[in-house]
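Peer 1: I'll drop the sequence and a predicted model, then ask my questions.
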Amino acid sequence: MEFNLADLFEQAVDHYPTREAVSCASVDGTAVHRRSFAELDERANRLAHHLQETGLGPGDRVAVYALNCAEWVESLLAICKIRAVCVNVNYRYVTDELSYLLGMAEPAAMIYQEQYADRVAEVLPGLPGLRHLIAIDDGNPGSALQAVPYEKAVASGSPQRDFAPRSPDDHYLLFTGGTTGLPKGVVWRQEDVFFALGGGIDVTNGHRMATPEEIVTTGYDHPITFFPIAPLMHGATQWALMQQLFKGNRAVLLDRFEPRRVWELVGSEKVNVVMITGDAMGRPLVETLDAPGADYDLSSMFGLVSSAALFSAPVKRRYLELLPNLYLSDAIGSSEGGAGGVSQWRAGEEGSQGSVTTKAIGDSEVVDDDLNPLPPGVVGKLARRGNIPLRYLGDPVKSAEVFRTAPDGTRYSVPGDWARREEDGRITLLGRGSSCINSGGEKIFPEEVESAIKAHPAVYDTVVVGAPDERWGETVVALVHQRDGAAELTLAALQEHCRAHVARFKVPRRLHLVPAIERTPTGKPDMRWAKEVAGGSP
């Protein structure tokens, strides 16, 4: 057995065949689709054999284009079983974005839901290497595409697990959209990504697993039910799912985010831990709990974890006011660097306004531009050595910028996060380097200002960006989505509020009231949109 994703899943199947592995629900409240470990394995085996029969094998890429569903999980596992490479497709992409992603990935096959058939048809002429289509029936009208129905593909394959030996060097590919620019494909060895994102290093105590057999033992006595809410096409949910499967735990999935449906499922599915992506999910969820007449059964839930986006202090505090016994954690990390650290919050702890201070995970470090480790108190870039990606797919220039080698031969991943190591060894994440505002020579991290703004009672959501300024080079601009019914917020009132939370040079100099903060499907602010709005007249 190897540190290989398919091997790790199959090990869990052999230990816990009758346990329920996944429960997949929909916002409309129709039946929940369930799979035991044995059922999930058999269906993935069948689909894997079907893919093999079409000529697919090691290194071939297979795109998955669907909302969260059982078929997404089966497809991911089937692709890994034959040593092929899964391509995660953002279902919100318009035709040009989809064409770019698939043009970069060059998939040989695609598994898609019927509701996306028209868009698949639009991009198909530009993908000469795409030779096999499988369509998932989701109740939408069929199309003229020559695709094999998903259930027919599954039925046609052998249920046997008779695949060739696999390798820890097999590739895993994760397309990440970030907040600006076009998507980038991060290429990992499977052993490296397991230790960076897949549970190979325990985020709570830093324990590194010595053998592939070790992870399955963590699910022997106290299996949990874990509910990652973001789309499976996002790395946070993919890895939340796989970690739970490797351990023999159960995962609940929902096809689209809807706060009331989330809390209903926490009760009906006896969920223990909910995973969100920052305030974009955290705020509407906690406000749903706070709504008049709200009555949800949360007796099974003991944990809320956040990753991949800003989870502000005011929102954290509201959760702990409503649920004082809740275990609440906030993780930092990236598709390029893996998990960097995790912080824990408890009722009564104030915490900081806008930064996350965490216990470092694995081989995380704060370095200068020459990759020299920095002493405590000095701001630098968050870096990770050891288990890091190989490269960006098809982008040697960006690969050289992010995956760098120090003079002593150590390879680092340096995605661009500003950070500071504290005296006690913990790391404080300050913000993305690409969004750092330089105003008169002072570095201003937008996340800190955003968290201060969100503490204002009239503010529902916000994003802070820099805009050109003749005197200071850049100035701080706040885009604010007000709460319904609140009196119109003025710049003067916002500035007065912020001065109590951040230094004067960080206080916004311009304010734009907007009907909503545009965000990506994973909850991150759409920085291209924000920059366009901020660039206009104040």
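Peer 2: Yep, that arrived.
Peer 1: so where's the stretch 251-400 of the chain uncertain?
Peer 2: Applying pLDDT under 70 to the stretch 251-400 of the chain picks out residues 333, 339-362.
Peer 1: If I look at the residue nearest the centre of the chain, what pLDDT would I see?
Peer 2: By CA atoms, centre = their mean, the mean C-alpha position of the chain lies nearest to residue 236, the distance being 2.9 Å. Looking at residue 236, its pLDDT stands at 88.
Peer 1: ok, now which ones touch it?
Peer 2: Counting by CB atoms under 8 Å, 6 or more residues apart in numbering, residue 236 touches 228, 230, 275, 277, 307-308, 522. In this view, the C-beta of every residue, glycine as well, is placed from N, C-alpha and C.
Peer 1: can you pull the contacts of the residue in the chain sticking out farthest from the centre?
Peer 2: Using CA atoms, centre = their mean, the residue of the chain lying farthest from its centre is residue 471. It sits 38.2 Å away. Going by CB under 8 Å, 6+ apart, residue 471 touches residue 440.
Peer 1: Could you dump the contacts of residue 236 into a markdown table with neighbour count added?
Peer 2: Formatted as a markdown table, the contacts of residue 236 follow (neighbours: other CB atoms under 10 Å):
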| residue | neighbour count |
| --- | --- |
| 228 | 27 |
| 230 | 26 |
| 275 | 23 |
| 277 | 27 |
| 307 | 27 |
| 308 | 24 |
| 522 | 25 |
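Peer 1: with those residues in mind, which one is nearest to residue 332?
Peer 2: Nearest to residue 332 out of the contacts of residue 236 is residue 307 (CB to CB; 7.8 Å).
Peer 1: just checking, next helix/strand downstream of the host helix or strand of residue 245?
Peer 2: Secondary structure assignment for residue 245, by DSSP states H and E: helix 235-247. Next in sequence after helix 235-247, counting helices and strands by DSSP H and E, comes strand 250-254.
Peer 1: Pairing partners for that next one, with directions?
Peer 2: When pairing is defined by DSSP bridges, strand 250-254 lines up against strand 20-25 (parallel), strand 225-228 (parallel).
Peer 1: Generate JSON lines for those, with mean pLDDT and distance to residue 113 as supplementary columns.
Peer 2: Below are these laid out as JSON lines (pLDDT from 0 to 100; distance: least, CB to CB, whole Å):
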{"stretch": "strand 20-25", "mean pLDDT": "97", "distance to residue 113": "13"}
{"stretch": "strand 225-228", "mean pLDDT": "96", "distance to residue 113": "19"}
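Peer 1: Next, format these as TSV and append distance to residue 155.
Peer 2: Formatted as TSV, the strands paired with strand 250-254 follow (distance: least, CB to CB, whole Å):
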stretch	distance to residue 155
strand 20-25	20
strand 225-228	29
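Peer 1: Among those, which comes closest to residue 475?
Peer 2: With CB to CB as the yardstick, what comes closest out of these is strand 225-228 (37.8 Å).
Peer 1: In CSV, list the C-alpha atoms belonging to the closest one.
Peer 2: C-alpha atoms of strand 225-228 as CSV (Å, rounded to 0.1, in the frame of the first residue of the first chain):
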residue,chain,number,x,y,z
THR,A,225,-20.3,13.2,10.5
PHE,A,226,-18.6,16.1,8.7
PHE,A,227,-20.5,18.6,6.6
PRO,A,228,-18.3,20.7,4.2
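Peer 1: still on that earlier bit, what's the separation between the residue nearest to the centre of the chain and residue 261?
Peer 2: With the distance defined as CB to CB, to the nearest Å, residue 236 ends up 19 Å from residue 261.
Peer 1: same check, this time on residue 13
Peer 2: Distance from residue 13 to residue 261, by CB to CB: 29 Å.
Peer 1: Compare these two (neighbour count), which wins?
Peer 2: Taking other CB atoms under 10 Å, residue 13 and residue 261 do not tie; residue 13 has more neighbours (24 against 19).
Peer 1: a helix runs through the more buried one, doesn't it?
Peer 2: Yes: with DSSP: H, G, I helix; E, B strand; the rest coil as the criterion, residue 13 is located in a helix.
Peer 1: isn't it right next to residue 39, touching?
Peer 2: No: counting by CB atoms under 8 Å, residue 13 stays clear of residue 39, with 9.7 Å between them.
Peer 1: for whichever strand or helix holds residue 47, the distance to its chain's centre please.
Peer 2: If you go by DSSP H and E, residue 47 is part of helix 37-53. Distance, stretch centre to chain centre, for helix 37-53: 26 Å (CA atoms, centre = their mean, to the nearest Å).
Peer 1: same check, this time on stretch 518-532
Peer 2: On CA atoms, centre = their mean, the centre of stretch 518-532 falls 15 Å from that of its chain.
Peer 1: Send over that stretch as CSV, restricted to the C-alpha atoms.
Peer 2: The C-alpha coordinates for stretch 518-532 follow below in CSV (Å, rounded to 0.1, in the frame of the first residue of the first chain):
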residue,chain,number,x,y,z
GLU,A,518,-19.5,40.1,-5.7
ARG,A,519,-17.8,36.8,-4.6
THR,A,520,-16.5,33.7,-6.3
PRO,A,521,-18.3,30.3,-5.7
THR,A,522,-15.8,29.6,-2.9
GLY,A,523,-16.6,32.7,-1.0
LYS,A,524,-13.6,34.8,-1.9
PRO,A,525,-14.2,38.4,-3.0
ASP,A,526,-14.1,39.0,-6.7
MET,A,527,-11.1,41.4,-6.8
ARG,A,528,-11.4,42.3,-10.5
TRP,A,529,-15.0,43.5,-9.8
ALA,A,530,-13.9,45.3,-6.6
LYS,A,531,-11.0,47.1,-8.3
GLU,A,532,-13.3,48.3,-11.1
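Peer 1: contacting residues around it?
Peer 2: 90-92, 177-181, 230-231, 233-234, 236, 276-281, 308-309, 434-435, 463, 465, 467, 479, 517.
Peer 1: Those in strands, which ones?
Peer 2: Members of the contacts of stretch 518-532 lying in strands (criterion: DSSP state E): 276, 463, 465, 467, 479.
Peer 1: isn't the fourth one right up against residue 535?
Peer 2: It refers to residue 467. Yes: using CB under 8 Å, residue 467 is in contact with residue 535, at 5.8 Å.
Peer 1: Looking at these two, which one has more neighbours?
Peer 2: Shown here are residue 467 and residue 535; by other CB under 10 Å, residue 467 has more neighbours (19 against 11).
Peer 1: contacting residues for that one?
Peer 2: So residue 467 contacts 474-475, 477, 510, 531, 534-535 (CB under 8 Å, 6+ apart).
Peer 1: Any idea which of those residues the model trusts least?
Peer 2: residue 535 (84).
Peer 1: So residue 267 sits against residue 294, correct?
Peer 2: No: contact criterion CB under 8 Å: residue 267 and residue 294 do not qualify, at 11.9 Å.
Peer 1: So which of these two has more stuff around it?
Peer 2: With neighbours defined as other CB under 10 Å, residue 267 and residue 294 compare such that residue 267 has more, 15 against 12.
Peer 1: which ones are touching residue 383?
Peer 2: 337, 364-367, 371, 412-414.
Peer 1: can you give me the strands for the stretch 251-400 of the chain?
Peer 2: 273-276, 303-306, 327-334, 338-345, 356-360, 364-367, 379-385, 391-392 (DSSP state E, counting those that start in this stretch).
Peer 1: do the same with the stretch 101-250 of the chain
Peer 2: Going by DSSP E, counting those that start in this stretch, the stretch 101-250 of the chain shows strands at 109-113, 132-136, 148-149, 171-176, 184-189, 225-228, 250-254.
Peer 1: so which of these comes closest to residue 403?
Peer 2: strand 184-189 (9.7 Å).
Peer 1: returning to that earlier point: quick one: the helix holding residue 245 to strand 171-176, angle?
Peer 2: Using axes from the mean of the first three to the mean of the last three CA atoms, to 10 degrees, one finds that helix 235-247 and strand 171-176 are set 140 degrees apart in direction.
Peer 1: Thank you kindly, that will do.
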